[in-house]
Each structure stands twice: as C-alpha cells, then as structure tokens.
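Undergrad: please find the sequence and the predicted model below.
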Amino acid sequence: MDHKKRQSLQLGVTGLAGLAMTSEVQAAPIKTPFTVASTYIPIVNSKEVFPVRRVYCIGRNYAAHAREMGSDPSREPPFFFQKPTDAIQYIAPKTIVDHPYPSLTKNYHYEVELVVALKSGGKDIPIEKALNHVYGYALGLDMTRRDLQRFMGDQKKPWEIGKSFDRSAPIGPIHTVQQLGGHFTKENISLSVNGQIKQNATLSHMIWSVAEQISKLSEANELFPGDLIYSGTPENVGPVVKGDLIVCQLDRLPDLSIRII
Ligand code: MN
C-alpha cells in the first residue's frame, strides 16, 4: 500500500472514531466531489472561533417547565437529544437577526437556554471534575415546532422533526470561563417577546446542574472538544408569529435578539 493510501485509510478510521475529524481532514490530501460547510461560533475578544462538533440538548431541566409539558419533575435520570450541527444560527450582539418561521408548523415556540461549550471530553466524567471540561458559555434558543413535537410524541414516534431542523439553534458568541470570571450557577435568565417578559427564572432552578449534565451525558456518549450542551429552558415557553421580536437575557452575557420573519 502506498503512503498516500495508507494515510487516507488511517484518516477514515480516525473519522469513524470521531476524533478531531475536521482539522485532520483539512490537512490531509483527501479529494471530495464537493465541500461541506463546518460550523463555527465566534469567541468574544478572540481571533479564534469555536468549532462545533455536536449539539446536545437536555429535556425538562426546570421543574416548572416539566410540569407545563405534562410530566412529573422528579429527579429521574435526565434525557438528551441532539440537533444537527448546522442548525446553529449565529446571532451577533447588538444586532437583530432575521429568523425565518420554519415550515410545517403552526405552533412555533421559544425556549431560552444557557449553552455550555466544551474544550475537552471523555467517558464517565465524574461530577466533581465535569466543569474542568467547560471552555465557555453562550446564550441560546432551543426553537421548537411544538405541534410536531407533541404530535409525534403522542404517537410514540421520535419527535426529532419538532426539534432538529434548519436554524433551530440560535446562539450568541461564546465567552470563556476566564472572561466570565467563573461558571454560571444562579444567574437570572429571561426572554421577552415584543418587550413583554415571557420567561424569567434563575439558573439555580435547574433540576440537573451543568456539572451533573456533563457527567450524565458522558455515560451515554463519549464527549469531545467542540460539543455544545443546551442546558434546558425554564417555564412559560410559548408561541411566536411572523414579525415578533424575541430578546433573551442572561446576567454577564450580551442580549440575544431575533426577529421572526
Ligand atoms: Mn430545550
């Protein structure tokens, strides 16, 4: 086997194992019939950008939200789902970014969430070491086609179509833990629509802390640098229509604003 062939075979294996695929593939002499875009999120006050590997989301992580979704907010094990990496829609601070009302839904909901960005990963990460893997944080929206999520759930079918669609993950820039002066614990998180407060809670109301989320998720999947975790939304989710302005706020982070078009 010649050198080039062996190199690309090794890369293929590396790719299957999910190890640092993007950078190695870019550096390698692999030819592709077309290019596929990678997803990056700006990092505040940095020339570097954050490369996104996977987008995980936790479900029903605030008791009052679990109740409004019709479930019992006990400490049963948390559950996670994923959005495709290219569902990320970057929202620069001090701008109002157009967000198209998606297809197929008549009940399009906002969910404001703290987003955790990982710089390292592993399997079975202990809770007490979990925060060492956090690179930084951002403010995000887990946009949801609620009617489709409910319809599929009622039929005991996967509700992916309600959660994992184009631009379903608006997000602001990433702030490093150092820039923030520490991790998030009990800050205020809120969301308004057309100037009216809809969601308003503190992060201390989370059922599972960020450290617990990382630890639990690492039991199901090995985590890697570039993984994002949307950490769940507080109560009072609700619908928006075309023309609505959503503004999200989280202490220590810039506001995130989108206009539904
Ligand atoms: Mn959510």
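TA: Okay, I see it. Numbers count the residues shown, from 1 in each chain.
Undergrad: how far away is the residue nearest to residue 54 when sequence neighbours are not counted from residue 66?
TA: Residue nearest to residue 54 in three dimensions, not counting chain neighbours: residue 227, with 4.9 Å by CB to CB, 6 or more residues apart in numbering. (Glycine included, C-beta is placed from N, CA and C.) Note on residue 227: its distance to residue 66, by CB to CB, to the nearest Å, is 24 Å.
Undergrad: show me what stretch 72-86 is in contact with.
TA: With CB atoms under 8 Å, 6 or more residues apart in numbering as the test, stretch 72-86 has contacts from 37, 39, 52-64, 66-67, 142, 160, 163-164, 166, 168-169, 207-208, 212-213, 216-217, 220, 230.
Undergrad: sorry, back to before: which one of residue 227 and residue 66 is surrounded by more residues?
TA: residue 227 (24 against 19; other CB atoms under 10 Å).
Undergrad: for the more buried one, give me phi and psi.
TA: Backbone torsions of residue 227, given as degrees, to the nearest 10, read phi -80, psi 140.
Undergrad: contacting residues for it?
TA: 53-56, 117-118, 121.
Undergrad: from residue 154, how far off is it?
TA: Per CB to CB, residue 227 is found 31 Å from residue 154.
Undergrad: same check on residue 139?
TA: Separation of residue 139 from residue 154 (CB to CB): 31 Å.
Undergrad: what's the answer for residue 244, then?
TA: 27 Å.
Undergrad: could you do residue 112 as well?
TA: Using CB to CB, one gets 26 Å for the distance from residue 112 to residue 154.
Undergrad: hmm, back to that, of the contacts of stretch 72-86, list those near the ion.
TA: Contacts with the ion within those, as defined by CB under 5 Å from the ion: residue 142.
Undergrad: got the CA positions of stretch 60-78 in CSV?
TA: What follows is stretch 60-78, C-alpha atoms only, in CSV (Å, rounded to 0.1, in the frame of the first residue of the first chain):
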residue,chain,number,x,y,z
ARG,A,60,-37.2,19.2,31.0
ASN,A,61,-34.5,20.5,33.3
TYR,A,62,-36.6,23.0,35.2
ALA,A,63,-39.4,21.7,37.4
ALA,A,64,-42.0,24.3,36.4
HIS,A,65,-41.3,23.7,32.7
ALA,A,66,-41.5,19.9,33.2
ARG,A,67,-45.0,20.4,34.8
GLU,A,68,-46.2,22.7,31.9
MET,A,69,-45.1,20.0,29.5
GLY,A,70,-47.2,17.5,31.4
SER,A,71,-44.6,15.5,33.3
ASP,A,72,-43.6,15.0,36.9
PRO,A,73,-40.5,17.0,37.7
SER,A,74,-38.8,14.3,39.8
ARG,A,75,-35.1,13.6,39.7
GLU,A,76,-35.5,10.7,37.3
PRO,A,77,-32.4,10.5,35.1
PRO,A,78,-32.1,13.4,32.6
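Undergrad: that stretch: how far from the chain's middle?
TA: Mean C-alpha position of stretch 60-78 versus that of the full chain (CA atoms, centre = their mean, to the nearest Å) differs by 19 Å.
Undergrad: buried stuff in it?
TA: Buried residues in stretch 60-78, counted by 16 or more other CB atoms under 10 Å: 60-63, 65-66, 68-69, 73, 78.
Undergrad: farthest-apart pair in the residues you listed, please.
TA: With CB to CB as the measure, no two of the buried residues of stretch 60-78 lie farther apart than 68 and 78, at 17.4 Å.
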